[in-house]
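**Q** Give the three-dimensional model of this entry:
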Amino acid sequence: MMGLFRFTNTVFRDRHHHPRIINFASTTSLLVIATTFIISSRDFSFISAYSLSSFGGSSGSRTSGSSSSIHMQSTSASAAETAAAKNGPKLFAYQHILPPLLVDDTSSSASSSSSYDYSQSIPCLYTNNIASASQWVDEHILNCNMNSKSKNSDGKKDEEEDLVEPIILGWDMESSPNLPWRETTNDSYLGPATLQLSTVTNTLVFQIAQDKYGPLCITTGGLPKFMNAILENTNIIKTGVAIDDDFIELYRWVMAIQQQQDNGRLVQGILGVTIPKSKQLARSPWSRVPLTTEEITYAARDAWAAAAIMHKLNNSKDDETNNNQFSPQAIINKLNEPRHRQSSINDISYKQAKRKNLKLEYKELKEYNNNKRNQRQSGNYIMSSNEENTTEEVDKENELREDILWNEMKQLAPISPIEYDISSLNLFIE
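**A** Numbering: from 1, shown residues only. Below you'll find the predicted structure:
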């Protein structure tokens, strides 16, 4: 079981579009999160038994010749790496500093008492090296809450300190889109290309596929064990915009098969900063290596935004109850409630694909039926009595089919997400 905390671009909705919201201002603060997926590493066949020593090695660092703030770590050429280099991509690991964000003085968050500066620069590791990515995950996620236990006056460890605090992990993915105006070659790769993981203070852009070589899982025999650890650790809350779509996309990609939503309004309203957005960057060929400084920043900030939003909400207490409904443990408890549990990711992926096909048929049939009704009402549709009887039968069948499609789509719809009203936190979107 894995909890996914999903932000949507319809998080803040006007009361007129949500009948359950009453006595709210014209700008409301309704935060919607997704329920849980039933998911394990078995759902992702790319996660195989994998030895870090096969692609690891000690890493040094040297300054690259570019004028940007990127440095490259040179990996030692072990025998395994030398053999892999002949068939696989050249391994790299760049240390990058994400530029600071602009502060939005008009945001409701700007007047809050938060002491954390969400506009500051943060470090980012950009790599296709499994060993480097694994080291980042170990340092910033898996081992970050394993602090040494302090001892009491009797020299014994305090039992309460053995409790592990849940971890917030920002998650995002970028895919190389198939655009009609972009030239492609036999070496071009289309599909999920980068995976971004982030805490509020550090972020990782992991190149999981690239042009000429395709998915990393093919050239290396499987993604590393740290992905297994992240996916199966119920104490790690994966959070992000449309994160459930990301997981379904990743799942389909692995099973041998894309969607994007803007988080700019969320960041502006909750964090009080603005993240530069560009449609051109969003449509970048993400499988091209290396990515530019701008592309790395774009990708990394999306994952960081999810972690930063959760960090801000976790440090914001409800004015009415003085409780923190967004503490990691509170979210874990909420997601683990039986009424919020979803189906397996395999089942969700199947239902989503089937529902999409039904929606296309429903849209075409509804448009056809509406045109027929308009023609009959306008009196411009003249036919013989035999044709009229036949047409009436066909129309009845089409209307019946329209109702059937609607009911089938309802049955395939995912479980309604959990909703939080955060207006009491004094956070609003204009």
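**Q** If you count contacts, what does the longest helix along the chain end up packed against?
**A** Looking across the chain with DSSP state H, the single longest helix is helix 345-378. The contact analysis (3 or more Cβ pairs under 8 Å, 6 or more residues apart in numbering; DSSP states H and E) places helix 345-378 against strand 36-38, helix 243-254, helix 385-412. For glycine as for every other residue, the C-beta is placed from the backbone atoms N, C-alpha and C.
**Q** what's the least confident stretch among these?
**A** Of all these, the minimum mean pLDDT falls on strand 36-38 (a mean of 36).
**Q** What residues sit buried inside the longest helix of the chain?
**A** Using 16 or more other Cβ atoms under 10 Å as the test for burial, helix 345-378 gives Ile345, Asn346, Ile348, Ser349, Lys351, Gln352, Arg355, Leu358, Tyr362, Lys372.
**Q** Make TSV from the residues you listed and add pLDDT and distance to Trp136 to it.
**A** Below are the buried residues of helix 345-378 laid out as TSV (pLDDT from 0 to 100; distance: Cβ to Cβ, whole Å):
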residue	pLDDT	distance to Trp136
Ile345	62	25
Asn346	68	29
Ile348	70	29
Ser349	72	28
Lys351	80	34
Gln352	78	31
Arg355	82	37
Leu358	89	42
Tyr362	86	45
Lys372	79	60
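**Q** of all these, which comes closest to Asp403?
**A** Closest approach between those and Asp403, by Cβ to Cβ: Tyr362, at 9.9 Å.
**Q** Which helix or strand in this structure has the lowest average pLDDT?
**A** Least confident helix or strand of the chain, by mean pLDDT, DSSP states H and E, is strand 62-63 with a mean of 31.
**Q** Kindly confirm my reading that Tyr94 is in a strand.
**A** Yes: counting by DSSP: H, G, I helix; E, B strand; the rest coil, Tyr94 is located in a strand.
**Q** Quick check: it touching Pro290?
**A** Yes: using Cβ atoms under 8 Å, Tyr94 is in contact with Pro290, at 7.2 Å.
**Q** Show me whatever sits in contact with both of those two.
**A** Tyr126 (Cβ atoms under 8 Å, 6 or more residues apart in numbering).
**Q** of these two, who's got more company?
**A** Neighbour count, other Cβ atoms under 10 Å: between Tyr94 and Pro290, Tyr94 has more, with 23 against 16.
**Q** Name the residues linked to the more buried one by a beta bridge.
**A** Met72, Tyr126 (DSSP bridges).
**Q** How much space separates it from Ile141?
**A** 20 Å (Cβ to Cβ, to the nearest Å).
**Q** Over to Leu405?
**A** Separation of Leu405 from Ile141 (Cβ to Cβ): 44 Å.
**Q** Tell me which of the two has more neighbours.
**A** The residue with more neighbours, out of Leu405 and Ile141, is Ile141; 22 against 18, by other Cβ under 10 Å.
**Q** Under a three-state scheme, what state does the closest residue to Val200 other than its chain neighbours occupy?
**A** Taking Cβ to Cβ, 6 or more residues apart in numbering, and ignoring the residues beside it in sequence, Val200 has His311 as its nearest neighbour in space, at 4.2 Å. The three-state assignment at His311 reads helix, by three-state DSSP.
**Q** His311: what's it in contact with?
**A** His311 makes contact with Tyr116, Ile168, Val200, according to Cβ under 8 Å, 6+ apart.
**Q** Which one of these sits in the busiest neighbourhood?
**A** Among these, the one with the most neighbours (other Cβ under 10 Å) is Ile168, at 25 neighbours.
**Q** doesn't that residue fall inside a strand?
**A** Yes: under three-state DSSP, Ile168 sits within a strand.
**Q** OK, contacts around the residue lying closest to it once chain neighbours are set aside?
**A** Spatial nearest neighbour of Ile168, chain neighbours left out: Met310 (4.6 Å); criterion: Cβ to Cβ, 6+ apart. Neighbour list for Met310: Phe5, Ile168, Gly170, Ile237, Thr239, Phe326 [criterion: Cβ under 8 Å, 6+ apart].
**Q** Tell me the one of those nearest Thr297?
**A** Nearest to Thr297, judged by Cβ to Cβ, of the contacts of Met310 is Gly170 at 14.6 Å.
**Q** check contacts around Leu281.
**A** Glu294, Glu295, Tyr298.
**Q** Report pLDDT for it.
**A** So Leu281 comes in at 87 (pLDDT).
**Q** May I see the buried residues of whichever strand or helix holds it?
**A** Counting by DSSP states H and E, the element that carries Leu281 is helix 279-282. Residues Leu281, Ala282 are the ones in helix 279-282 that count as buried (16+ other Cβ under 10 Å).
**Q** Stretch 402-418 too?
**A** Buried-residue list, stretch 402-418, by 16+ other Cβ under 10 Å: Glu402, Leu405, Met409, Leu412, Ile418.
**Q** Turn those residues into TSV, columns for distance to Val273.
**A** What follows is those, written out as TSV (distance: Cβ to Cβ, whole Å):
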residue	distance to Val273
Glu402	47
Leu405	44
Met409	39
Leu412	38
Ile418	26
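**Q** Among those, which one lies nearest to Leu266?
**A** Among the buried residues of stretch 402-418, Ile418 lies closest to Leu266 (Cβ to Cβ), at 16.5 Å.
**Q** pLDDT at that closest one, what is it?
**A** The pLDDT attached to Ile418 in the predicted structure is 62.
**Q** ok, now Tyr126?
**A** Looking at Tyr126, its pLDDT is 96.
**Q** again with the one 4 residues further on
**A** Turning to Ile130, the model gives it a pLDDT of 88.
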